[in-house]
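Q: Based on what follows, work out the 3D shape:
(2 chains)
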Amino acid sequence: MAVSGLLERYHARHSAIHRAAPRAKLIAALAYIFAITFTREGDWTALALLALPVVAVVVASRLPLLLVLRRALLTLPFLLVALPLLFTRPGETIAELPVLGWTVSDEGAVAVVTILAKSWLSVIVAVVLMATTEAPALLRSLRALRLPRLLVASIEFAYRYLFVVTDEATRMLQARSSRSAAIDGRRSGGSVRWRARVAGNLVGTLFVRSIERSERVHAAMLARGYDGEPRQLAAPALDRAALVVAVLMVLYGCAVQVGVRL
Amino acid sequence: MSDNGARPTGDAAPALRLRGLHYDYPDGSTGLRGVDLDIERGELVAVLGPNGAGKSTLMRLLNGLIRGDGAIDVFGERLTDETVRSIRSRVGLLFSNPDDQLFSPTVIDDVAYGPLHQGLDADEVLARSRAALAEVGMAAYEDRTPHRLSLGEKKRVAIATVLSMRPDILVLDEPTSALAPAARHELIELLRALPQTQIIATHDMAMARDLASRVVVLSDGRVVGDGPTEVVLGDRELLREHDLEPALHGQAGAQRDSA
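A: Next comes the predicted model:
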């Protein structure tokens, strides 16, 4: 069992969300994330209204709730970024850190919770998008949306070779494990320093092999006519359903953001 | 696939004519030291040689990926900086490791890569790509991602990525390496059915005997043997001298010395 299996984000299920046109999902997700960024701090009504479609989509996707929540832990890094606001925002003091004496302001707390809610909802949307759409279809949608070709090509290479490189790393780790043996009555494993050097060498070897592979891939591209300009198969035209879903999502986002400001 | 074969051309220039081909690696060591070779249209030539003999170097030179001294003429046309891109349309190169050759997210994207760069119309690109996939028996795999294919399937798709460019000459580097017997057999039958002129670098002596009409032995950057398959593979002296003992000979099932 290769580690590469764990990298696969697609989670097969029979659901309307899985069947929906990839481009519709991509546009709707982007529209949603865009809409939620306009939420004002402490605007709980807007957040609740924007949480509704997320709940609906997660339920409709039939994805295991635990899987979605676990992957949504990706929000945690945002917490680190937002945390300083707790102490730097001026406002009424609601708590104080015991040793450092830093004070937490009410304004700061509201700001942090808002940021967390926004990023958590956005990440869940992205998680559902990735889990219900196969990567090649998603890449094709990126192409169709006229993202810069070089950018899409880079993502495609990353997607293709992530698996190859992790398989290679797995093989190297297995080769190490298979020779990390013990003899009865002797201390096995060597010194920490030596083991660290072996691990370092593994990483270095992986790096060198990846560089060499990139040269061979480049040669394979040249052999088939690559001239520095990435060319890709055209994606099929945008179907009406996709357009409707996307427009509805944009309208809903606008309605919420405008509505709460009236 | 009627127009996928050798193009009828007026003059009788050989498919490939190599004269005084010399190549030094970037590190200064010598890869090829003077290779002269003529390969006629429709020939199926196996290039044998020990590791480091210069087989892969020769394969890459033929496609213009690396440039050495000497002359390479493809159907009478000299390989130069000006002609290299059009010659790459006529000389298709199959790399030994399909993971290097298949670099796109899906099979069809990869097979379409060559035709797209040839500047063909979208419809033509798709038509050629699908035809090439059908030719290698992988038509049902269009939307699969390469990393989920078996090695044999990857090799077939890799061949399709070259066929979709409609080349006249196929240059294949170790096509059967690491294949299980059944997949290897299927691949050999596939190559046999293809109409193009083929140059196959290989360690697979059994395949050379099965498939090739002519065998060239490369050793230490020189051509040391060249002739009809039976003649060259029958020359035990030559093969032994260049570490190419005939396959499956004598040693099979030999008793192990017990100490």
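Q: Now do the helices in the stretch 51-200 of chain B.
A: Counting by DSSP state H, counting those that start in this stretch, the stretch 51-200 of chain B has helices at residues B:55-62, B:84-90, B:98-101, B:107-117, B:122-135, B:151-163, B:181-193.
Q: Could you say which one of those helices comes nearest to residue A:202?
A: In terms of CB to CB, the element of the helices of the stretch 51-200 of chain B nearest to residue A:202 is helix B:98-101, at 19.7 Å. Backbone N, C-alpha and C define where each C-beta goes, glycine included.
Q: For residue B:78, give its distance to residue A:199.
A: Distance, residue B:78 to residue A:199, by CB to CB, to the nearest Å: 52 Å.
Q: Show the contacting residues for residue B:88.
A: Residue B:88 makes contacts with A:222-225, B:63-64, as judged by CB atoms under 8 Å, 6 or more residues apart in numbering or on different chains.
Q: Looking at the residues you listed, which two lie furthest apart in space?
A: Going by CB to CB, the two entries of the contacts of residue B:88 that are most distant from one another are A:224 and B:64, at 12.1 Å.
Q: Which one's more surrounded, these two?
A: Neighbours were tallied for residue A:224 and for residue B:64 using other CB atoms under 10 Å in any protein chain shown; the higher tally belongs to residue A:224 (24 against 21).
Q: That one contacts residue B:160, correct?
A: No: distance between residue A:224 and residue B:160: 11.8 Å, which falls outside the contact criterion (CB atoms under 8 Å).
Q: ranges for the helices of the stretch 51-200 of chain A?
A: Secondary structure of the stretch 51-200 of chain A (DSSP H, counting those that start in this stretch): helices at A:65-71, A:76-82, A:85-88, A:106-132, A:135-144, A:149-179, A:192-223.
Q: gap between the two ends of stretch A:92-106?
A: Using CA to CA, to the nearest Å, the end-to-end distance of stretch A:92-106 comes out at 6 Å.
Q: List the buried residues for that stretch?
A: A:103-105 (16 or more other CB atoms under 10 Å in any protein chain shown).
Q: Neighbours of the residue nearest to residue B:178 when sequence neighbours are not counted, how many?
A: Taking CB to CB, 6 or more residues apart in numbering or on different chains as the measure, residue B:178 lies nearest to residue B:151, with 6.3 Å between them; neighbours along the chain are not counted. Around residue B:151 sit 15 other residues, with neighbours defined as other CB under 10 Å.
Q: So which residue is dead centre in chain B?
A: By CA atoms, centre = their mean, chain B has its centre lying nearest to residue B:172, at 1.3 Å.
Q: How confident is the prediction for that residue, by pLDDT?
A: On the pLDDT scale, residue B:172 is placed at 96.
Q: rewinding a little: check contacts around the residue nearest to residue B:178.
A: So residue B:151 contacts B:98, B:178-180, B:183 (CB under 8 Å, 6+ apart).
Q: TSV for the residues you listed, including distance to residue B:128 and pLDDT?
A: Converted to TSV, the contacts of residue B:151 look like this (distance: CB to CB, whole Å; pLDDT from 0 to 100):
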residue	distance to residue B:128	pLDDT
B:98	20	93
B:178	29	88
B:179	26	92
B:180	30	92
B:183	25	93
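Q: Between which two of those residues is the distance greatest?
A: Between all members of the contacts of residue B:151, the longest pairwise span (CB to CB) is found for B:98 and B:180 and amounts to 14.4 Å.
Q: Neighbour count: those two, which is higher?
A: A direct count of neighbours by other CB under 10 Å for residue B:98 and residue B:180 places residue B:98 higher, at 23 against 11.
Q: And the nearest residue to that one once chain neighbours are set aside, how close does it get to residue B:23?
A: By the measure of CB to CB, 6+ apart, the closest residue to residue B:98 outside its immediate chain neighbours is residue B:154, 3.7 Å from it. Here the distance between residue B:154 and residue B:23 works out to 29 Å (CB to CB).
Q: how about a markdown table for the helices of the stretch 51-200 of chain A, with mean pLDDT and distance to chain B added?
A: What follows is the helices of the stretch 51-200 of chain A, written out as a markdown table (pLDDT from 0 to 100; distance: least, CB to the nearest CB, whole Å):
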| stretch | mean pLDDT | distance to chain B |
| --- | --- | --- |
| helix A:65-71 | 91 | 21 |
| helix A:76-82 | 84 | 27 |
| helix A:85-88 | 84 | 40 |
| helix A:106-132 | 91 | 14 |
| helix A:135-144 | 87 | 4 |
| helix A:149-179 | 88 | 4 |
| helix A:192-223 | 90 | 4 |
